[in-house]
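Trainee: I would like to see how this sequence folds:
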Amino acid sequence: MSWYLRQAEDGKADVAYFLGLQYERGIRRGGAEQARRWFEEAARRGHPQAAFRIAADLWPGDGNATPEDAERARELFAVASGGGLAQAAYNLAVMAERGAGGQIDLEIADAAYRKAARG
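Mentor: Sure thing, here's the model as predicted:
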C-alpha cells in the first residue's frame, strides 16, 4: 500500500482529496468511481474543495436534482463555504433563497451572498 493510501485511510483529508484528483486525471487506475470515493472521504472530513466538487455534481442548478441530492448538496455547499470558497457560498445562497434542498431561508441566503461577495 502506498504512503498516500495509508495517509488517506488514516483520515488525512488533503491526501484523500489529492488521491481523488489522481484517479480523476487518470494518474492512478480506478477512474471516476475511485475518484468519487476519495472526494467523498475528503468531504466527510471537511475538505472544502472536495465538498464543493460533490455538491456541484449533485446539484447542477438546472432543477433536475432529486430532493435528496439537493439536500445533500446544500449541506456540502455549506461545508465548502465555511472553508472559504466564494462559489460555494454563492451556490448556498441561491439554494437557500429558492428553497432548494430545504426550506427557504432568507437569512442564510443573505449571509451567504455577502460572504460570496467578499470572496
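Trainee: Go ahead and flag the most central residue of the protein.
Mentor: The centre of the chain sits closest to residue 51, judged by C-alpha atoms, centre = their mean, with a distance of 1.9 Å.
Trainee: State the distance from that one to residue 27.
Mentor: 22 Å (C-beta to C-beta, to the nearest Å). In short, each C-beta sits where N, CA and C put it, glycine included.
Trainee: mind showing which ranges of this protein have poor pLDDT?
Mentor: Within the chain, the stretches falling below the threshold (pLDDT under 70) are 1.
Trainee: change it to 80
Mentor: 1, 63 (pLDDT under 80).
Trainee: And the helices in this protein?
Mentor: Secondary structure of the chain (DSSP state H): helices located at 3-9, 13-24, 31-44, 48-58, 67-82, 86-98, 106-118.
Trainee: Give me the residues contacting the second one.
Mentor: If I follow you right, that is helix 13-24. 4-5, 7-8, 27-28, 30-32, 34-39, 41-42, 45-47, 49-50, 53 (C-beta atoms under 8 Å, 6 or more residues apart in numbering).
Trainee: Ok, the third one next?
Mentor: The list of residues contacting helix 31-44 from outside it, by C-beta under 8 Å, 6+ apart, reads 8, 13-14, 16-17, 19-21, 23-24, 28, 49-51, 53-54, 76, 79.
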